[in-house]
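**Q** turn this into a model:
(one chain, ligands or ions: 1)
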Amino acid sequence: MYNIVIFGAPGSGKGTQSEYLIKHYGLFHISTGDVLRDHIKRGTELGKIASGYINDGKLIPDDLMISILEKVLDENPEKEKQGVIFDGFPRTTEQAKALKEMLARRGSKVDIVIGLDVPESELIDRLIKRGKESGRSDDNLETIKKRLDVYHSQTSPLRDHYVAEGIYAAINGLGSIEGIFEDIKKAIDNCRK
Ligand code: AMP
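**A** A predicted model of the protein is given here:
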């Protein structure tokens, strides 16, 4: 059993590569963005709070986001034992610390952080294309730019945090989906040795 954080800017391919990881390793996938979009769809109180932040390209406050994630883990103890892909979490240093503590309380840890590197112009092209296909409310140029700013200021510093912990694997996120997944598999298999 091992836990993977899939890390990268919006549009770097975290969701797509998570699907491959689920199929190949049978892991439990937690996408915090999907959890929030599900609340919005169901019209819950949390969904009402989250939609304001999401449509504005901002992060949901740490306290709230951390408690949402812990609830997902608490509600799925059996799935958690299979190992988890954390997709879109952590996004701040505070969240990374909380994740470490949350997993330590459960006798586990983050085994590897897969960081997908994609140039900014490619990210914007991909997100605009996705917006046309999926109709996601935050995939429009104005919100995309805000999300990328948030990524650079609040999320990308986490890279150094995980490099210092010795568990960060940088992956080139350009190329074919299958080719990128091959590189990810190699990184995971290396970390298991
Ligand atoms: P994503 O689907 O991961 O791109 O997330 C979409 C949006 O959901 C983000 O732009 C944030 O507004 C919110 N969100 C998702 N995950 C987090 C998180 N870990 N911390 C704060 N906000 C989040």
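**Q** and the pLDDT for the residue nearest to the spatial centre of the chain?
**A** The residue lying closest to the centre of the chain (Cα atoms, centre = their mean) is residue 88, at 2.0 Å. For residue 88, the pLDDT comes out at 97.
**Q** that one against residue 31, yeah?
**A** Yes - assessed by Cβ atoms under 8 Å, residue 88 is found in contact with residue 31 at 5.4 Å. Bear in mind the C-beta positions are built from the backbone N, C-alpha and C, glycine included.
**Q** now list whatever residues contact both of those two.
**A** By Cβ atoms under 8 Å, 6 or more residues apart in numbering, residue 88 and residue 31 have these common neighbours: residue 14.
**Q** neighbours of residue 168, just the number please.
**A** Counted with other Cβ atoms under 10 Å, residues neighbouring residue 168 total 19.
**Q** OK, contacts around it?
**A** For residue 168, the contact set (Cβ under 8 Å, 6+ apart) comprises 113, 115, 159, 162.
**Q** wait, isn't the last one in contact with residue 113?
**A** Yes - at 4.4 Å, residue 162 counts as touching residue 113 under the criterion of Cβ under 8 Å.
**Q** looking at those two, which one has more neighbours?
**A** Neighbour count, other Cβ under 10 Å: between residue 162 and residue 113, residue 113 has more, with 25 against 19.
**Q** got the residues of the chain near the ligand?
**A** Counting by Cβ under 6 Å from any ligand atom, the chain comes close to the ligand at 10, 32-33, 36, 53-54, 58-60, 65, 88-89, 91, 95, 138, 147.
**Q** give me the contacts around the lowest-mean-pLDDT helix or strand in the chain.
**A** Least confident helix or strand of the chain, by mean pLDDT, DSSP states H and E, is helix 77-81 with a mean of 90. Outside of helix 77-81, the residues within contact range by Cβ under 8 Å, 6+ apart are 1, 28, 73, 106.
**Q** what residues are up against whatever residue of the chain ends up closest to the ligand?
**A** In the chain, the residue that lies nearest the ligand is residue 33 (2.0 Å; Cβ to the nearest ligand atom). Contacts here follow Cβ under 8 Å, 6+ apart; on that basis residue 33 touches 87-88.
**Q** the chain should start at 835 in everything you say after this.
**A** Okay, residue one is now 835; in that scheme the one you just asked about reads as residue 867.
**Q** and the gap between it and residue 1006?
**A** Applying Cβ to Cβ, to the nearest Å, the value for residue 867 to residue 1006 is 23 Å.
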